[in-house]
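1. quick one, structure for this:
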Amino acid sequence: MQLEETKYIKVRDAEVGETGWAYISNGSYILDNDFERIPHGSILELEEDGYTIKSFIDKNKLDEERREREHKEEMTRQNRELKKYIGKHVKVRRGIGEIIRVEGTWAIAKFENEDEEIKYTLAAINDLLKDNKIY
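-> Purely as a prediction, here's the structure:
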């Protein structure tokens, strides 16, 4: 079956006895239904009959793992970038403070005459840099 420019084929999960549709995308068969054991969007490998599902890769799980990996890499990059500012001074309305440490994706500044520490994200640090408020 073909809808617009997408070609669909009928597929069957013999293990559970479910039948549904898959579409072809970049040479891969992608499940277009939610089966009992195979989630929607999974990449399918079919038997020689071109109908029975031999195995599958849960694309949703792959995407989640990729997002987690990219998020971790971005947090590491931000942490590394923020560490460059330890010891620098910040001049804002509350006074002049010094960036004393980095925790995760926060730069922690301690201000004169204040017990409270203020947290800054990398985006906030970049804004302060643009305004020449970090030296």
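2. what's the pLDDT at Gln2?
-> For Gln2, the pLDDT comes out at 68.
3. pLDDT weak spots in this structure?
-> Where the chain drops to pLDDT under 70, the residues are 2-3.
4. which residues in it form helices?
-> Applying DSSP state H to the chain gives helices spanning 59-83, 122-130.
5. quick one: the last one to chain centroid distance?
-> Going by Cα atoms, centre = their mean, to the nearest Å, the spacing between the C-alpha centre of helix 122-130 and its chain's C-alpha centre is 23 Å.
6. alpha carbons of that helix, as CSV, please.
-> This file holds the C-alpha atoms of helix 122-130, laid out as CSV (Å, rounded to 0.1, in the frame of the first residue of the first chain):
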residue,chain,number,x,y,z
LEU,A,122,26.8,29.6,31.6
ALA,A,123,24.2,31.7,29.7
ALA,A,124,24.1,34.2,32.6
ILE,A,125,27.9,34.3,32.7
ASN,A,126,28.0,34.9,28.9
ASP,A,127,25.5,37.8,29.3
LEU,A,128,27.7,39.3,32.1
LEU,A,129,30.7,39.0,29.8
LYS,A,130,28.9,40.8,27.0
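7. does Glu47 really touch Asp13, like I thought?
-> No. With contact defined as Cβ atoms under 8 Å, Glu47 does not reach Asp13; the gap is 11.3 Å. Just so you know, the C-beta spots here come from the backbone N, C-alpha and C atoms, and that holds for glycine as well.
8. overlap of the contact sets of the two?
-> Shared contacts of Glu47 and Asp13 (Cβ atoms under 8 Å, 6 or more residues apart in numbering): Ile53.
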